[in-house]
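J.: Sequence first, then the predicted structure:
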Amino acid sequence: MMTRHPALFTPVPLGRHTLRNRIVLPPLTRQRAAQPGDVPTALMARYYAQRAGAGFMVSEGTQIEPRGQGYAWTPGIYSEAQIAGWREVTNAVHAEGGVIFAQLWHVGRVSHAQLHGGAPVAPSAIPAEKVKAFIETAPGTGELVAPSPPRALEVAEICELVSLYVQGARNAIAAGFDGVEIHAANGYLVNQFISAHANRREDAYGGSIENRLRFLREIVAAVSDAIGADRLGVRFTPLFESTDVDRVYIGLVEPDPHQTYIAAIKLLEEFGVAYLSIAEADWDNAPDLPSSFREAVRAAFSGRILYAGRYTAQRAEDLIASGLADLVAFGRPFIANPDLPARIAHDWPLNPLRPETLYGGGAEGLTDYPAYVPRDVRSAAA
């Protein structure tokens, strides 16, 4: 039987690996870490192992320190128990022949005092707007709330945060991950430093685009030195428009998003990082990225380019065939269809998503979505 969408099923090198297909499981917050301690679980290991048919996977965001958490029950990567929990996940994925990177996360100002006992930290003391944090109100239940007012980081604290990213990367490798992705998207800490809206500093970390990229530069340099640039990716959200739709997270629209993000991408090229991940606008009727921007991205970056948005298999194949992307991520379809690459290859129907089970809870909505059973197999079993 001929494979549908063949461009999605050609192997592609990524750092130290050759990926079997171009289909990626992107970082997806699921809020199932064990309490207390925000520790990855055997259930999470099963969830990722079920989806190991992806070309590669990026873990849900994993906070590099307690202040980096913006949502209750998300897993960390700073304690020994968390590292051990993640090791269960990576062992399960590797047993299925999969490749998995850890997304290193710090939410910065998109946090709440209840989560870690202090004010959120940020480049400047500017409150986050049109976003939410999530706090626990009782065991297993919680609510979305406005983030607490942040405080501005001192320069010495910024240097300490760079060290925390390095330690997070080392912890990820110790836990068996194949690499790490720096979360520099969706209005979180690194994005806050990049943004002219969130960063009003008057020192070496604010003002010009070069200064606003300094924190990212220092993280990329230090993490590359610690684990190798060939085991590093970085995620951005280069929004050209926003929306008034109520959101938990979104990102920031810069005065000149093209100039800002092409400068950031050229920085990644300097260090030879393995891949660039671009999270596109994903609300209903969101605009597509300008083709001029996609072309400039390809011209600026020689590593692997990954796009994530509301892609269909056909749109993904067309983008890869155009030469402007190497990989495409599928978020919600991969949650509901653990065997998504096989379903795409054979044009099998997709399970519908159950949105009410996305965040928190147990196995329901995490590991209980069925794989597809072809009709001839069903008939033989009857």
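T.: Thanks, I have the structure now.
J.: Distance of residue 291 relative to residue 304?
T.: Per CB to CB, to the nearest Å, residue 291 is found 20 Å from residue 304. Every residue, glycine included, has its C-beta placed from N, CA and C.
J.: Centre of the chain to the longest strand seen in the chain, how far?
T.: Scanning the chain for the strand with the most residues, using DSSP state E, yields strand 56-63. Distance of strand 56-63 from its chain centroid, counting by CA atoms, centre = their mean, to the nearest Å, is 6 Å.
J.: how about the strands of the stretch 201-350 of the chain, start to end?
T.: Under the criterion DSSP state E, counting those that start in this stretch, the stretch 201-350 of the chain contains strands at 232-236, 275-279, 304-308, 327-329.
J.: Please disregard the earlier target; I meant the stretch 1-150 of the chain.
T.: Going by DSSP E, counting those that start in this stretch, the stretch 1-150 of the chain shows strands at 12-14, 17-19, 23-25, 56-63, 100-105, 121-122, 133-138, 141-145.
J.: So which of the ones you listed is nearest residue 322?
T.: Among the strands of the stretch 1-150 of the chain, strand 12-14 comes nearest to residue 322, with 15.0 Å by CB to CB.
J.: Indicate each strand paired with the closest one and its parallel or antiparallel sense.
T.: According to DSSP bridges, strand 12-14 has the following sheet partners: strand 17-19 (antiparallel).
J.: Helix, strand, or coil at residue 163?
T.: helix (DSSP: H, G, I helix; E, B strand; the rest coil).
J.: Flag the shaky bits of the protein, pLDDT-wise.
T.: Filtered on pLDDT under 70, the chain yields the residue ranges 1, 243-250, 283-284, 376-382.
J.: One more pass at 90, please.
T.: Counting by pLDDT under 90, the chain contains low-confidence ranges at 1-3, 129-130, 239-255, 281-288, 374-382.
J.: picking up where we left off before, wait, which of the strands of the stretch 201-350 of the chain is closest to residue 206?
T.: Closest among the strands of the stretch 201-350 of the chain, once you apply CB to CB, is strand 232-236, at 18.9 Å.
J.: Please render the strands of the stretch 1-150 of the chain as a markdown table that adds mean neighbour count and distance to residue 198 to the earlier fields.
T.: Below are the strands of the stretch 1-150 of the chain laid out as a markdown table (neighbours: other CB atoms under 10 Å; distance: least, CB to CB, whole Å):
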| stretch | mean neighbour count | distance to residue 198 |
| --- | --- | --- |
| strand 12-14 | 18 | 31 |
| strand 17-19 | 16 | 34 |
| strand 23-25 | 27 | 28 |
| strand 56-63 | 27 | 18 |
| strand 100-105 | 27 | 17 |
| strand 121-122 | 25 | 7 |
| strand 133-138 | 17 | 16 |
| strand 141-145 | 13 | 19 |
